[in-house]
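Participant: Sequence plus the predicted model coming up.
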Amino acid sequence: MRAVQWKALAPLLLAALAGSAAATEDTGTPGNGMWEINVGIGGQRSSGMWELTAPETDFNYGWGENAQLVLGLQRVQLRERGQDPVRGWGSATAGVKWRFADQDKSGIDLALFPAFSWNPSSSAERRGLVEPGRSLVLPLVVGFRRGGTGWYAEAGRNLIEDGDDEWLAGFKVTHACLPSVECRVELQHSVVRRQFGHTEASAGFKWSLSGNLILQASAGRDLHPHDATQNQVVVYIGIQLLR
């Protein structure tokens, strides 16, 4: 069984932090002393294999008005054609988002969001659920809002301990489609030196069910893939609790 490229796909774990199939972050933070807790189910289908994450969980805490502490963990299940499913813990991620420029004062939001990923379970490495080693994602996020619409872009590098580093770029647009529903579309591109890149497109929504409960879902796929590891479909559904 081929090992899943979790280290090369560490930014997709950050997707859980945003509740999306794609990985583009925004510049928002929960607010001082506030919590955002995400619990969801995700899936990626590539050639002959489903990679399921159930649950995807992450905890986000507002440290002041401009910073956010993040801790995420997921349970992984691999279903490969002709083989028994393999289950176990996937990579864990800890990060800090710091918005160092605000649109109200600077005309634009700017944020850094370094995130460190590691494998809490050595057995997951032995069974091919994750690749050995650690990674560090270093993105810069730019945001601009006007009325009910937001534009966000990010670019950065994923430093991989036991593999080639990866360059990342993403773009996301959000819009208040209804008073309680935010729609969004995203493009995310990643490339490793001397290899073909991947571009993933996705669309999704966030539906505010109450003042502290949000339903979120998205679906996407790779565009113009060049190899069998391309994601033919990527899906996510989950809830966000605000406290």
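Facilitator: Arrived safely, thanks for sending.
Participant: going forward, measure contacts and count neighbours with C-alpha atoms only.
Facilitator: OK.
Participant: residue ranges of the helices in this structure, please?
Facilitator: 10-18, 103-106, 122-126 (DSSP state H).
Participant: low pLDDT regions in this protein?
Facilitator: Residue ranges of the chain with pLDDT under 70: 1-23, 224-231.
Participant: for Leu136, what are its contacts?
Facilitator: Applying Cα atoms under 8 Å, 6 or more residues apart in numbering to Leu136 gives the contacts Pro114, Ala115, Phe116, Ser117, Asn158, Leu159, Ile160.
Participant: what's the neighbour count on the nearest residue to it once chain neighbours are set aside?
Facilitator: Spatial nearest neighbour of Leu136, excluding adjacent residues (Cα to Cα, 6 or more residues apart in numbering): Phe116 at 4.5 Å. By other Cα atoms under 10 Å, the residues close to Phe116 number 19.
Participant: On the strand side of things, show who Phe116 bridges to.
Facilitator: Applying DSSP bridges to Phe116 yields these beta-bridge partners: Ala94, Leu136.
Participant: quick one: it and Ser135 touch, right?
Facilitator: Yes - under the criterion of Cα atoms under 8 Å, Phe116 makes contact with Ser135 at 5.9 Å.
Participant: joint contacts of the two?
Facilitator: If you check Phe116 and Ser135 against Cα under 8 Å, 6+ apart, no residue is contacted by both.
Participant: Distance check, the nearest residue in space to Leu138 that is not next to it in sequence against Lys97.
Facilitator: Leaving aside its sequence neighbours, Leu138 sits nearest to Pro114 (Cα to Cα, 6+ apart; 4.6 Å). Counting by Cα to Cα, to the nearest Å, the separation of Pro114 from Lys97 is 7 Å.
Participant: Those two: who's more crowded?
Facilitator: Lys97 (26 against 18).
Participant: which residues sit in contact with the residue nearest to the more buried one when sequence neighbours are not counted?
Facilitator: With sequence-adjacent residues excluded and distances taken as Cα to Cα, 6+ apart, Lys97 is closest to Phe113, at 4.2 Å. Shown in contact with Phe113 (Cα under 8 Å, 6+ apart): Gly95, Val96, Lys97, Trp98, Val137, Leu138, Pro139, Leu140, Val141.
Participant: All set, thanks.
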